[in-house]
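S.K.: With the sequence up front, the predicted model follows.
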Amino acid sequence: MVALLPDRKPHGGTLAQPKIRCCENSALWMLREMSNLEMMLQKPVLSRSEAQKLMEDFERFRFEPLPRPIWEYVLERYKIDLRSKYADFPVSLPFGKASGQLSLNPHQVRKDAEVGLGFCVLKTLVAQDADGNQSMRDWAVPVTRMKLEPIKGQDGTEGWTVTWAGRGWHKSFEDYLRFFDEALSIGAEHEMLVVPSIIAYLPPYPDEEWRVGEYDFTVGELLKVWRKHNPNLPMPIEFNFSPTLAGSESARWQGPILNWLVNVPRLIKEAAEKATGIESRKVIRVGIKLFNALFDDIFQLRMLRTLLKEAAKGKGADFIVYANRLFDPNREYEGVKGVAYGGPDLSARNLKVLLELTKAWRRDELATWLPLSGTGNICNGEIAFKYLLCGCSTLQIHTFFQLPNYCYAKRAGSKIERALHQLLFEPENGFIAWLLWAMRWSCTCFGPFEVFYLTVRK
């Protein structure tokens with residue numbers, strides 16, 4: 001059950017806020033004092049009226065459609081503003097769909113938009129040059145079958161993981177451009193951000209030449225489509241460091257990986273400038289979706305620090321997506337040795353690394369800070385809330401959107417809608433419950449409590 005606090009009302013009739021130490025930004029105080037995940041409460045502490053409202057909504061929306069737009073309903077009912085930012089693009093919800101098998105056709109994108117997701121990252125396009133050459137052609141494999149199965153973390157926590165044999169977009173390059181075009185129209189109709197994702201040539205040795213033509217042609221063609229819809233806005237794009245890269249020969253050494261992180265953002269920005277004749281900051285925002293390498297957490301932090309160092313020079317990424325699935329080099333699936341997997345161990349590792357990163361930032365040990373989009377086993381409000389406390393302004397979900405129907409409390413609607421209902425309104429461990437707890441202890445006495453406050457670094 002949710003831990004309850006009595007409603008405390010002063011003579012004026014409004015809910016009194018606890019008197020605690022404040023700084024110039026009260027949410028920053030909470031972040032600095034309470035983001036130690038080992039010290040987090042096991043459950044949110046709510047007043048009786050807050051718990052009652054959540055229970056009413058949870059039961060009501062089990063059978064009724066979720067309100068549209070969700071953020072307006074939550075703002076009016078709970079005085080919580082769920083709107084946030086993906087990179088520097090405003091989104092109506094911090095929850096969006098990660099690139100993968102659930103974002104490879106217009107029907108899926110339309111369902112996401114109609115339910116009210118904040119954004120959708122499309123299936124990863126395998127880059128090619130102007131002559132159609134693809135150095136990463138092995139990544140353009142059609143999915144024969146996906147396998148959803150329970151998984152148990154090292155600490156005994158139960159969860160889910162999805163396994164498939166495919167990797168990137170397997171249809172033609174032209175098909176992807178048409179898909180991107182239609183997805184942008186759908187997104188504009190429903191005010192949902194749509195983001196393309198790519199993977200391009202990654203040299204296995206630091207002294208090997210880059211196949212710049214793949215970057216130039218692919219980024220240039222995507223920009224043509226984007227600028228048809230958004231001529232005055234920069235295009236967000238994710239470069240997807242696939243989890244299966246961890247098992248490749250190239251990623252067995254740290255040098256090539258760091259070389260990729262230094263050069264990929266630069267090549268994408270240079271490609272954008274070549275295609276448009278305009279400085280890159282006006283036409284593109286480059287996000288790097290990091291993978292979990294087969295090294296320790298110290299190297300994960302080194303990868304993040306490398307991206308931040310290059311960004312501080314003005315040559316690097318504009319935002320970071322952290323982090324892709326774990327990789328087991330010994331597990332087999334459909335005759336392929338080496339399998340990516342998710343579940344509790346993924347979120348545990350991601351949060352552990354991100355917590356160390358935020359600690360380093362508060363100690364002034366980082367060159368700069370970049371917007372973060374968190375991903376990895378986001379299956380309940382507590383995990384989502386912890387990603388926020390580690391600086392993530394948006395959260396990308398894939399596996400939780402495809403569980404068996406019996407895993408969701410909602411009895412009607414698409415899996416996306418059922419998952420959002422569970423994530424937001426679950427009374428004991430939902431996202432809103434955790435935000436209500438945060439609002440109580442962050443001295444937010446005036447105006448709505450904004451989710452984005454929790455992600456501010458300094």
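M.R.: Here it is on my side, so go on.
S.K.: just checking, what packs against the helix or strand hosting residue 350?
M.R.: Following DSSP states H and E, one finds residue 350 within helix 344-362. For helix 344-362, the packing partners by 3 or more C-beta pairs under 8 Å, 6 or more residues apart in numbering; DSSP states H and E come out as helix 297-312, strand 319-322, strand 326-333, strand 372-375, helix 381-389. Every C-beta, even on glycine, is put in place using the N, C-alpha and C of the backbone.
S.K.: rank those by pLDDT, which is bottom?
M.R.: In terms of average pLDDT, strand 326-333 trails the rest of the helices and strands packed on helix 344-362, at a mean of 88.
S.K.: Please enumerate residues in contact with it?
M.R.: With C-beta atoms under 8 Å, 6 or more residues apart in numbering as the test, strand 326-333 has contacts from 147, 163, 165, 243-244, 246-247, 291-292, 294, 337-342, 345-346, 349.
S.K.: one more time with 6 Å
M.R.: If you take C-beta atoms under 6 Å, 6 or more residues apart in numbering as the criterion, strand 326-333 is touched by 163, 243, 246-247, 292, 338-341, 346.
S.K.: cool, stretch 114-124 as well?
M.R.: 69-70, 86, 91-93, 95-99, 103-104, 109, 112, 168-169, 193-197, 199, 238, 240, 416-417.
S.K.: quick revisit: want to try JSON lines for the contacts of strand 326-333, with secondary structure as columns?
M.R.: Listed next are the contacts of strand 326-333 as JSON lines, based on DSSP: H, G, I helix; E, B strand; the rest coil:
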{"residue": "163", "secondary structure": "strand"}
{"residue": "243", "secondary structure": "helix"}
{"residue": "246", "secondary structure": "helix"}
{"residue": "247", "secondary structure": "helix"}
{"residue": "292", "secondary structure": "coil"}
{"residue": "338", "secondary structure": "strand"}
{"residue": "339", "secondary structure": "strand"}
{"residue": "340", "secondary structure": "strand"}
{"residue": "341", "secondary structure": "strand"}
{"residue": "346", "secondary structure": "helix"}
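S.K.: In a helix, residue 159, correct?
M.R.: No: counting by three-state DSSP, residue 159 is not part of a helix but strand.
S.K.: Check the contact between residue 418 and residue 410; I expect there is one.
M.R.: Yes: with contact defined as C-beta atoms under 6 Å, residue 418 reaches residue 410; the gap is 4.1 Å.
S.K.: Which phi and psi values does residue 217 adopt?
M.R.: Dihedral angles of residue 217 (phi, psi; degrees, to the nearest 10) stand at phi -70, psi -50.
S.K.: next one: residue 249
M.R.: Per degrees, to the nearest 10, the backbone of residue 249 is at phi -60, psi -40.
S.K.: now it: how far from residue 209?
M.R.: For residue 249, the distance to residue 209 (C-beta to C-beta, to the nearest Å) stands at 18 Å.
S.K.: likewise residue 130?
M.R.: 17 Å.
S.K.: How about residues contacting whichever helix or strand residue 73 is part of?
M.R.: Under the criterion of DSSP H and E, residue 73 resides in helix 70-78. Applying C-beta under 6 Å, 6+ apart, the contact partners of helix 70-78 are 67, 80-83, 92, 116, 448.
S.K.: pLDDT value on the closest residue to residue 182 other than its chain neighbours, please?
M.R.: Ranked by C-beta to C-beta, 6 or more residues apart in numbering and with sequence neighbours excluded, the top spatial neighbour of residue 182 is residue 106, at 4.7 Å. At residue 106, the model reports a pLDDT of 98.
S.K.: try residue 359
M.R.: 89.
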